[in-house]
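**Student:** take this sequence and fold it.
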Amino acid sequence: MPDTPGVPGQGAGPRDGARTEKDGVPRSLSAVLDGRTLPGVLSWPAGRPVQEALDAALAAGWQGTVLDLEGVTDKAEFMTRAAAALRLPSWFGANWDALADCLGDLSWWPAEHGGRLLAVRAWQGYAAAEPDEWRVAESVLADAVARWRDTDTGLAVLLTRDAGGPATARR
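**Tutor:** Residues are numbered from 1 along each chain as shown. Below is the predicted model of the structure:
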């Protein structure tokens, strides 16, 4: 498969290090990208383009993609967006257990260097429309982060309030 920006499973290759706060990337993300802190579920400052996070991840040798939830108000659409954004395998069953299985395996999104950054954009509308379902989504994401935390190719999730429109996902 050819390298395609934003496609999970495409290698990013080593880069010359993560951006620091002086370069515009908050310390919490910078510390994860350069290995000073274990990956986790992080928040992204309101009004800051998520593209900055994706660029920093790429520069650090990480892969990144965006799960854009703009306009999503139900579980079915959440699953559709997740499947498309992550290019989930054909066996993905479009339910929480299947999403947990996919995020717990990640053989379909290999990372040769660094790790994987999943930026979840515009999630607030879904959380307001389906608070119980959003709590399940948060739990699935947190469990996946924990599963990959102590590996060389961790998974970090960035919850963003990006006001600048959808990002161009980077690999």
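**Student:** in which helix or strand would I find the most centrally placed residue in the chain?
**Tutor:** Centroid-nearest residue in the chain: residue 118, 0.3 Å away (criterion: CA atoms, centre = their mean). Assigned by DSSP states H and E, residue 118 falls within strand 116-121.
**Student:** what does residue 128 give?
**Tutor:** Per DSSP H and E: helix 124-129 holds residue 128.
**Student:** kindly report the same for residue 113.
**Tutor:** Residue-wise, residue 113 maps onto no helix or strand under DSSP H and E.
**Student:** excluding its backbone neighbours, what's nearest it?
**Tutor:** Counting by CB to CB, 6 or more residues apart in numbering, residue 113 lies nearest to residue 61, which is 4.2 Å off, once chain neighbours are set aside. C-beta here means a position set from N, CA and C on the backbone, and glycine is covered the same way.
**Student:** count the neighbours of the one you found for me.
**Tutor:** Residues near residue 61, counting by other CB atoms under 10 Å, number 21.
**Student:** likewise the one 4 residues further on?
**Tutor:** Each residue near residue 65 was counted by other CB under 10 Å, and the total is 25.
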